[in-house]
Structures are given as C-alpha cells and as structure tokens.
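Visitor: kindly return the folded structure for what I paste below:
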Amino acid sequence: MAASAFDVEGLRENAGLLSAEECGLARMLIDAGQSSLFRAWAPAGEADEEKHAFFAQVRTLDANYPGGLRRYLESARGLLGSAARGENPLEGWTPSVPSAGFKMDVGSGAFCGCEEVGLDELARCCFVVPAGGLGERLGFGGVKLALPAETTTGCCVLGLYAAYIRAFEGVAAARGASCRLPLVIMVSADTLEGTRALLRGEDHFGLAPSQVEIVLQEKVAALGNSA
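Guide: You can find the predicted model right below:
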C-alpha cells in the first residue's frame, strides 16, 4: 500500500516516514474508525521516533489480542453500548441451586478422604498468584504483595504465600515425595520491578529463585470514549 494513499490529517503529512508494515497498521486503524489518533501528530521531521514507537505499540497490541485490535474495538463498542442501554447480560437465565452438589463437614470421613486424594497430588501442584496493582488506594506506595497480611509479625502477603508453599513442600516430603513447588507470579508493567525488588530483598522468602517465575501481562488498548 502506498503511503500517499492516506488522506487523514496528521498522517498525510507524515506518510513518507512510514514503512510498508506501518502503512498496513495505519490503514487498519483508519478502517476501524481511529483516524483521530493521527490528528495531533507533529509535522514530518518532528518527534519522528515517537511516531515509529506508536506503531510498535500498535503492532504489539494487535498481535496480543485474539482477532487483533479490530476485534477488540468491536467487542468494546458492543459491551459499552449494552451497558449504556442498561441491558442485563444474564437476561433469560434463572439462578438455581445445583442438585448434584453436597456439603462436607470439616473433619468428617468424606472430608478427610478428599484431603488424602489432594495430598497425594501435592508434589505435582503449581501455585499462581496474580500480583494485582499498586496499593495507592490503600495509602500504600508499593506493590500489593508487599502489604502486611497481619499485624502481629508484619509478614507481607507474598511472604504468607511462600510460607504456605514451604509448608506444603514439607508435607509432600513427609509423604515420600520431596519436591520444589513452582510459584508463578503474574505482574503488570507497573508491578514488575516492585515485585522483583520484594523477592530480592527478602531472599525469595525462603524459596529457591529457580522455582519462582514472573510472568508479565501485556497491556491492552485504552478507550477514550464509546465511539
């Protein structure tokens, strides 16, 4: 696609800067009704690196969402429109108590039997923790995993998780299945460094560094309005 084919304010003046891939991304945004993104662009020769960085971000966002940004926008418009009309997504559904369920009392034979089944599988477990955001709304400047879980010892939330994992490892070892249970922490760009610093500062709370994995969750596109 020729860059000169664009007749969009802001983009037209910068058309000569774009690679073939960037032209394709620009056309996708225009076809999706997002031409307003280019209106405030500086003339060619000014902030050109920021323009290329913009397309790099668009490329990542488009690749990471199933169906791409076009599908993301379609879903967003549908959901926002439904909310504006006051539609209930559960309309037509009737809540009911499951008939096949049953309640187990703690300490009962059925409870202990199920617990034994779970303990047999303990050595093959993996623990996953969504790190959450920052604790600003709670008056805390760090990541939420660093918040105290209780006031007696001041042990933080992540420290409590790690203590449970170490205890489970001890139970597994006592049953003849010595292991290191993996801990996966899902973070955002806002909590990545804070979570890493917390782990380093506390020597991974007694866990081996090799058993702790950090998974970075990519960001999604922000919406300015329902259009």
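Visitor: and the helix or strand of the chain with the lowest mean pLDDT, what does it pack onto?
Guide: With mean pLDDT, DSSP states H and E as the measure, the helix or strand of the chain carrying the lowest mean pLDDT is helix 68-84 (a mean of 90). With contacts defined as 3 or more C-beta pairs under 8 Å, 6 or more residues apart in numbering; DSSP states H and E, the secondary structure elements packing on helix 68-84 are helix 20-31, helix 48-64. The C-beta positions use only the backbone N, C-alpha and C, and glycine is treated the same way.
Visitor: next one: it to chain centre, how far?
Guide: Computed by C-alpha atoms, centre = their mean, to the nearest Å, the chain-centroid distance of helix 68-84 equals 19 Å.
Visitor: quick one, it and helix 48-64 angle?
Guide: Regarding helix 68-84 and helix 48-64, their directions subtend 70 degrees when assessed with axes from the mean of the first three to the mean of the last three C-alpha atoms, to 10 degrees.
Visitor: please parse this protein into its domains.
Guide: Domain segmentation of the chain under automatic domain parsing yields 3-84, 114-216.
Visitor: which one of those domains has the poorest average confidence?
Guide: Per-segment confidence across the domains of the chain bottoms out at domain 3-84, which has a mean of 89 in mean pLDDT.
Visitor: what's the distance between Ala172 and Val128?
Guide: 18 Å (C-beta to C-beta, to the nearest Å).
Visitor: which one of those two has more residues nearby?
Guide: Here Ala172 and Val128 are compared on neighbour count by other C-beta atoms under 10 Å; more neighbours surround Ala172, at 21 against 11.
Visitor: isn't the more buried one right up against Arg124?
Guide: No - checked against C-beta atoms under 8 Å, the pair Ala172 and Arg124 is beyond contact range at 9.3 Å.
Visitor: helices of this structure, start to end?
Guide: Counting by DSSP state H, the chain has helices at residues 20-31, 48-64, 68-84, 109-120, 157-174, 192-201.
Visitor: got the angle for the longest one vs helix 192-201?
Guide: Going by the same axes, to 10 degrees, helix 157-174 is angled at 50 degrees with respect to helix 192-201.
Visitor: now helix 157-174 against helix 109-120, angle please.
Guide: 90 degrees.
Visitor: how about helix 157-174 as CSV, C-alpha atoms only?
Guide: Taking only C-alpha atoms (Å, rounded to 0.1, in the frame of the first residue of the first chain), the coordinates of helix 157-174 have been written out as CSV:
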residue,chain,number,x,y,z
VAL,A,157,1.1,-11.1,51.6
LEU,A,158,3.7,-12.7,49.3
GLY,A,159,5.6,-13.9,52.4
LEU,A,160,2.5,-15.7,53.6
TYR,A,161,2.0,-17.3,50.2
ALA,A,162,5.7,-18.5,50.3
ALA,A,163,5.2,-19.8,53.9
TYR,A,164,2.3,-22.0,52.8
ILE,A,165,4.3,-23.3,49.8
ARG,A,166,7.2,-24.3,52.1
ALA,A,167,4.8,-26.0,54.4
PHE,A,168,3.2,-27.9,51.5
GLU,A,169,6.7,-29.0,50.4
GLY,A,170,7.3,-30.3,54.0
VAL,A,171,4.1,-32.3,53.9
ALA,A,172,5.0,-33.7,50.5
ALA,A,173,8.4,-34.7,51.7
ALA,A,174,7.0,-36.4,54.7
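Visitor: start the count at 19, not 1, going forward
Guide: All right, first residue 19 from here; so that's helix 175-192.
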